[in-house]
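# sequence unknown, structure follows:
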């Protein structure tokens, strides 16, 4: 039986712990241990709560298959217990693989386990991680990354995606997919998928005309979404509209329309049995090949590769 140890600097984010705990506990092959660096048998979590039945780090015996360090306020404080950091460094050497959830990456970095490695954490803390630990290579985009036997993930729910990926490594795609379905998740997301959803970004746009335009765009992806056509719809010159779009979204109109189409296609791949050609047409791509190239540019995987992560059969 594979021993999975989940620990973190208190207080930890509850989902950083509960997500992976639920995934690994769904497979009989894993023995999951909740570990606390403090005295007693409780792991303090955010919002003044605690998880009971944890064991002190000093009582962790025997080889560890997967060591997981959760993030949360304790990891974001920048002040870490020396004994806990040394314990992480020592036990990591005895573990088959080591992973961090969200800002748990700061503890792995403090323990010297990320030097020279490609890592990710919650997008809000990526700059800080890169600043505090210049020896590591921080990539703010993916939801999780693997570098050798070290795994890091983005914020909170991305820990579930990482846990599913680890289960898939051990037991295959179908087992991971069954767990995802039990958890009522849409899919087993590939690590290269961006941790930031641009389809939701219209909610943060302050310009009402542009916000309304973006909602319209989501409902009319097959129509002409050129900068000239969109500018005319909101009554602006193409040049002024382009400036407003960059200011509000951080992207050109063409880039934003491209992201919308990709994420709409992702949702259709996740939740339908349509072929890629039909999905490409529905989402406004010129062809399935155009969608493939756009997926590769935006997500780092082709549409077919993305589909294979969720569907058990290949799409034509």
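Yep, that arrived. All values reported here derive from a predicted model rather than from experimental measurement.
# Can you name the residues that contact residue 17?
Taking CB atoms under 8 Å, 6 or more residues apart in numbering as the criterion, residue 17 is in contact with 6, 8, 34, 43, 45, 51, 70, 101. The C-beta positions use only the backbone N, C-alpha and C, and glycine is treated the same way.
# neighbouring contacts of the helix or strand encompassing the first one?
If you go by DSSP states H and E, residue 6 is part of strand 2-7. Surrounding strand 2-7, the residues in contact under the criterion CB under 8 Å, 6+ apart are 17, 20-21, 24, 29-37, 43, 57, 60, 62-70, 84, 88, 91, 95, 170.
# and with 7 Å instead?
Contacts with strand 2-7, where a contact means CB atoms under 7 Å, 6 or more residues apart in numbering, come from 17, 20-21, 24, 29-35, 37, 57, 60, 62-70.
# Pull out the buried members of those.
For these, a burial check counting by 16 or more other CB atoms under 10 Å picks out 17, 20-21, 24, 30, 32-35, 37, 57, 60, 64-70.
# Please flag which of those residues sit within strands.
Using DSSP state E, the subset of the buried ones among the contacts of strand 2-7 located in strands is 30, 32-35, 64-69.
# ok, so of these, who is nearest residue 273?
The closest of those to residue 273 turns out to be residue 30 (CB to CB; 32.0 Å).
# domain assignment for the chain?
2-182, 201-310 (automatic domain parsing).
# Next, format the ones in strands among the buried ones among the contacts of strand 2-7 as JSON lines and append pLDDT.
Formatted as JSON lines, those follow (pLDDT from 0 to 100):
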{"residue": "30", "pLDDT": "98"}
{"residue": "32", "pLDDT": "97"}
{"residue": "33", "pLDDT": "97"}
{"residue": "34", "pLDDT": "97"}
{"residue": "35", "pLDDT": "97"}
{"residue": "64", "pLDDT": "97"}
{"residue": "65", "pLDDT": "98"}
{"residue": "66", "pLDDT": "98"}
{"residue": "67", "pLDDT": "98"}
{"residue": "68", "pLDDT": "98"}
{"residue": "69", "pLDDT": "98"}
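# And residue 107, how far from residue 249?
34 Å (CB to CB, to the nearest Å).
# Most neighbours of all the contacts of residue 17, which one?
residue 101 (36 neighbours; other CB atoms under 10 Å).
# Could you pull up the residues touching the nearest residue to that residue once chain neighbours are set aside?
Excluding its sequence neighbours, the residue lying closest to residue 101 (CB to CB, 6 or more residues apart in numbering) is residue 159, at 3.7 Å. Contacts for residue 159 (CB under 7 Å, 6+ apart) come out as 15-16, 19-20, 101-102, 153.
# And these, which is closest to residue 129?
residue 102 (10.9 Å).
# Tell me the predicted confidence for the closest one.
Here, the pLDDT recorded for residue 102 equals 95.
# quick one: the nearest residue to it once chain neighbours are set aside from residue 122, how far?
In space, and not counting its chain neighbours, residue 102 is closest to residue 71: 3.5 Å by CB to CB, 6+ apart. From residue 71 over to residue 122 the distance is 7 Å, taken as CB to CB.
# Dump the contacts of residue 159 into JSON lines; add distance to residue 285 as well.
As requested, the contacts of residue 159 are arranged in JSON lines below (distance: CB to CB, whole Å):
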{"residue": "15", "distance to residue 285": "35"}
{"residue": "16", "distance to residue 285": "37"}
{"residue": "19", "distance to residue 285": "33"}
{"residue": "20", "distance to residue 285": "36"}
{"residue": "101", "distance to residue 285": "35"}
{"residue": "102", "distance to residue 285": "34"}
{"residue": "153", "distance to residue 285": "30"}
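# In these, which residue is surrounded by the most others?
residue 101 (36 neighbours).
# That one: what's it in contact with?
Here residue 101 is in contact with 16, 20, 68, 70-71, 153, 159, 162 (CB under 7 Å, 6+ apart).
# let's see 8 Å
Per CB under 8 Å, 6+ apart, neighbours of residue 101: 8, 13, 16-17, 19-20, 68-71, 153, 156, 158-159, 162.
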